[in-house]
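Novice: missing the sequence, but the structure's below:
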Ligand code: PLP
């Protein structure tokens, strides 16, 4: 049996979400059709919108359904940039933290290459936390030329929770809209769109026990977004395409449960994560936990996602270690992407000042609602031999 320690990549679907999905798959009807079947599909879609909005502290009219987190991030970055530039050509600067997911970084750099944008990567500290003073300095110097700010709610590799309150208040002083990618935060930390003061926020279905290929961009009603997808004008004309009612239903059900269970998950899985950290360091004493630690701030509040633990293992290649653990029945991740099949050192770890050689030895263990102590024990049992073999392989290729 596989020990699954890669919930940040994707987590098992919830029974309730599967039930909602399969029931809806039997219904025929395009939510834009005017006949009774179409109206029934529209009703189901709007109920899902209300359910998702209520779970996220948003208004139903603020939900724009998308085909996942990547699309929602692209819509936020490109849509905001184009809309702001349409009013004022000078607004070409896109401010993003250096540790954003590629779904934010790549559209920003695409705009720099193709549409005259200037991307400003905002520094983070050794824990991956945004340097808010650097953001303030950028805004003070170039506020009128700034199109948008995008800073993730929490990081997918090292779990760092960002100081979004401070980001929002800095940007608001300059009238600059703020987007946050909350794909990893939903269901892990308390999340409320209205209370956050954000202008736009990304969520994704398959990270909370919903289906793959569905997500949403929450966008304030007054926020202007230029469409990325053109066509039938669905979703307030911002995101065309026939709406996938079954996956929207299923995602809304999963999101509601994830939010309701979040306080319990944070305690239980957070405790399990602490055991995992102790077990890994016990099994491999020179393993280095990356990201904020302790996970909770002295005044309370999460500095790090409860389910995340990323280590670097000196002398190892992360991908060799990943395959050795996979052979031993443990599923985990290096946390960063391959490019053309070649493992790249994580831009997140490099941004936190980890040297490239160490960054190559990264492995992320991420827990979820189905994780148990047995998963931690299986990892602790398999890790010493895998690390030893990965080190030997590393030495042989040097
Ligand atoms: N943003 C973050 C922080 C993520 O972790 C992911 C997925 O790994 C995405 C965006 C992309 O979401 P999706 O897989 O729904 O396209």
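Specialist: Alright, I've got the coordinates. Bear in mind the structure is a predicted one, so any value in this text is a computation, not a measurement.

Novice: name the element the nearest residue to residue 306 once chain neighbours are set aside belongs to?
Specialist: Leaving aside its sequence neighbours, residue 306 sits nearest to residue 270 (Cβ to Cβ, 6 or more residues apart in numbering; 3.6 Å). For glycine as for every other residue, the C-beta is placed from the backbone atoms N, C-alpha and C. Using DSSP states H and E, residue 270 sits within helix 245-283.

Novice: Moving C-terminal from that helix, which element do we reach first?
Specialist: Next element after helix 245-283 (DSSP H and E): strand 288-290.

Novice: What mean pLDDT does that following strand get?
Specialist: For strand 288-290, mean pLDDT rounds to 98.

Novice: so what strands line up beside it?
Specialist: Sheet pairing for strand 288-290, assigned by DSSP bridges, gives strand 308-312 (antiparallel).

Novice: outside of the partner strand, which residues touch it?
Specialist: 8, 157-159, 184, 273, 276-277, 280, 284, 287-291, 318, 335, 349, 354, 358-359, 361-367 (Cβ atoms under 8 Å, 6 or more residues apart in numbering).

Novice: ok so, going back, helices or strands up against the helix holding residue 270?
Specialist: Judged by 3 or more Cβ pairs under 8 Å, 6 or more residues apart in numbering; DSSP states H and E, the packing partners of helix 245-283 are helix 15-25, helix 36-56, strand 288-290, strand 308-312, helix 373-396.

Novice: Format the ones you listed as CSV; extra columns: distance to residue 256.
Specialist: As requested, the helices and strands packed on helix 245-283 are exported to CSV (distance: least, Cβ to Cβ, whole Å):
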stretch, distance to residue 256
helix 15-25, 9
helix 36-56, 5
strand 288-290, 33
strand 308-312, 23
helix 373-396, 26
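
Novice: Quick one: closest of those to residue 195.
Specialist: helix 36-56 (10.5 Å; Cβ to Cβ).

Novice: what ranges do the strands span in this structure?
Specialist: Here the chain has its strands, by DSSP state E, at 3-4, 63-66, 93-97, 118-122, 146-150, 178-181, 200-204, 215-219, 288-290, 308-312, 330-331, 338-339, 342-343, 362-366.

Novice: Excluding chain neighbours, what is closest to residue 121?
Specialist: Residue 121's closest residue in space is residue 98 (Cβ to Cβ, 6+ apart), at 4.4 Å.

Novice: Tell me how many other residues crowd that neighbour.
Specialist: 18 (other Cβ atoms under 10 Å).

Novice: so who does it touch?
Specialist: Residue 98 touches 121-124, 347, 351, counting by Cβ under 8 Å, 6+ apart.

Novice: residues from this structure in reach of the ligand?
Specialist: 68-70, 73, 101, 103, 152, 156, 181, 183-184, 204, 215 (Cβ under 6 Å from any ligand atom).

Novice: Output these in CSV, with pLDDT appended to each entry.
Specialist: Formatted as CSV, the residues of the chain next to the ligand follow (pLDDT from 0 to 100):
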residue, pLDDT
68, 98
69, 98
70, 98
73, 98
101, 97
103, 97
152, 98
156, 97
181, 98
183, 98
184, 98
204, 98
215, 98
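
Novice: what's the farthest-apart pair in these?
Specialist: That would be 68 and 152, which, of the residues of the chain next to the ligand, are the farthest apart (Cβ to Cβ) at 15.6 Å.

Novice: quick one, which of the two is more surrounded?
Specialist: Using other Cβ under 10 Å as the criterion, residue 68 and residue 152 rank with residue 152 on top: 28 against 23.

Novice: Give me the number of neighbouring residues for the residue of the stretch 201-350 of the chain found nearest the ligand.
Specialist: Nearest to the ligand, among the residues of the stretch 201-350 of the chain, is residue 204, at 3.3 Å (Cβ to the nearest ligand atom). Applying other Cβ under 10 Å, we find 29 other residues in the vicinity of residue 204.

Novice: need the contact list for the nearest residue to it once chain neighbours are set aside.
Specialist: In this structure, residue 204 finds its nearest non-sequential neighbour in residue 69, 3.3 Å apart by Cβ to Cβ, 6+ apart. Residues near residue 69 by Cβ under 8 Å, 6+ apart: 101, 103, 181, 183, 202-204, 207, 215.

Novice: again with residue 3
Specialist: Counting by Cβ under 8 Å, 6+ apart, the residues that residue 3 touches are 329-331, 374-375, 378-379.

Novice: Among these, name the buried ones.
Specialist: Buried by 16 or more other Cβ atoms under 10 Å: 330-331, 375, 378-379, out of the contacts of residue 3.

Novice: okay if I get the residues you listed as CSV plus distance to residue 257?
Specialist: Putting the buried ones among the contacts of residue 3 into CSV (distance: Cβ to Cβ, whole Å) gives the following:
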residue, distance to residue 257
330, 27
331, 23
375, 21
378, 27
379, 27
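
Novice: List the contacts of residue 245.
Specialist: 24, 27, 29, 31, 41, 44-45, 48.

Novice: are any of these buried, and which?
Specialist: Buried by 16+ other Cβ under 10 Å: 24, 29, 31, 41, 44-45, 48, out of the contacts of residue 245.

Novice: Dump the residues you listed to a markdown table, plus pLDDT.
Specialist: Converted to a markdown table, these look like this (pLDDT from 0 to 100):
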| residue | pLDDT |
| --- | --- |
| 24 | 97 |
| 29 | 96 |
| 31 | 97 |
| 41 | 97 |
| 44 | 98 |
| 45 | 98 |
| 48 | 98 |
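
Novice: In this structure, which residue sits closest to the ligand?
Specialist: For the chain, Cβ to the nearest ligand atom, closest residue to the ligand: residue 69, 2.5 Å.

Novice: mind checking how far that residue is from residue 141?
Specialist: Using Cβ to Cβ, to the nearest Å, residue 69 is found at 31 Å from residue 141.

Novice: swap in residue 302?
Specialist: Distance from residue 302 to residue 141, by Cβ to Cβ: 32 Å.

Novice: Comparing those two, which shows the higher neighbour count?
Specialist: Between residue 302 and residue 141, residue 302 has the larger neighbour count (other Cβ under 10 Å), namely 20 against 10.
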